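Enquirer: Everything below, folded, please.
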Amino acid sequence: MGQQKFYVYIMATAGHKVLYIDVTSDLVQRVAQHKTGTFGGFTQNYSLHTLLYYEIWDSSEAATQRAQQLKRWHRQWKLNLIRELNPTLEDLPMS
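Expert: Numbers count the residues shown, from 1 in each chain. Next up, the predicted model:
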């Protein structure tokens with residue numbers, strides 16, 4: 001069995017008005033929770049259903065540090081980062 005991976009991801013509302021950054025060890029499951037509204041709290045209240053961006057990390061500590069860094073960034077910096085991987089700001093497929 002391989003080493004566990006951790007994901008820093010960015011979800012958004014329709015129209016990308018609200019961006020949400022978090023960390024998970026199971027990106028497919030977490031995105032499904034966001035899309036079905038079962039994750040609850042802030043993400044459910046704001047209907048954060050669009051996966052715009054993610055990064056893969058080897059440790060939870062590194063992923064958490066990166067997420068905290070991104071949360072401190074200005075909105076435009078976040079959008080610039082997202083557009084490097086996802087120029088059209090489309091919902092990324094989970095396969």
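
Enquirer: max-length helix in the chain?
Expert: helix 60-72 (DSSP state H).

Enquirer: what distance separates the least confident helix or strand in the chain by mean pLDDT from the centre of its chain?
Expert: Every helix and strand of the chain was ranked by mean pLDDT, DSSP states H and E. The lowest is helix 41-45, at a mean of 80. Offset of helix 41-45 from its chain centre (C-alpha atoms, centre = their mean, to the nearest Å): 14 Å.

Enquirer: Ok, stretch 54-61 next?
Expert: So, by C-alpha atoms, centre = their mean, the centroid of stretch 54-61 is 12 Å from its chain's centroid.

Enquirer: Just the buried positions in it, please.
Expert: Within stretch 54-61, the residues scored as buried using 16 or more other C-beta atoms under 10 Å are 54, 55, 57. Every C-beta, even on glycine, is put in place using the N, C-alpha and C of the backbone.

Enquirer: Look up which helix or strand residue 7 falls in, please.
Expert: Using DSSP states H and E, residue 7 falls within strand 6-12.

Enquirer: Next secondary structure element downstream of that strand?
Expert: For strand 6-12, the succeeding helix or strand toward the C-terminus, using DSSP H and E, is strand 19-24.

Enquirer: related to what we said a few turns ago, so which of the buried residues of stretch 54-61 sit within helices?
Expert: Per DSSP H, the buried residues of stretch 54-61 never map to helices.

Enquirer: Helix or strand: which one has the closest residue to residue 28 other than its chain neighbours?
Expert: Leaving aside its sequence neighbours, residue 28 sits nearest to residue 94 (C-beta to C-beta, 6 or more residues apart in numbering; 5.1 Å). Secondary structure from DSSP H and E places residue 94 outside every helix and strand.

Enquirer: need the contact list for residue 94.
Expert: 27, 28, 31, 32, 51 (C-beta atoms under 8 Å, 6 or more residues apart in numbering).
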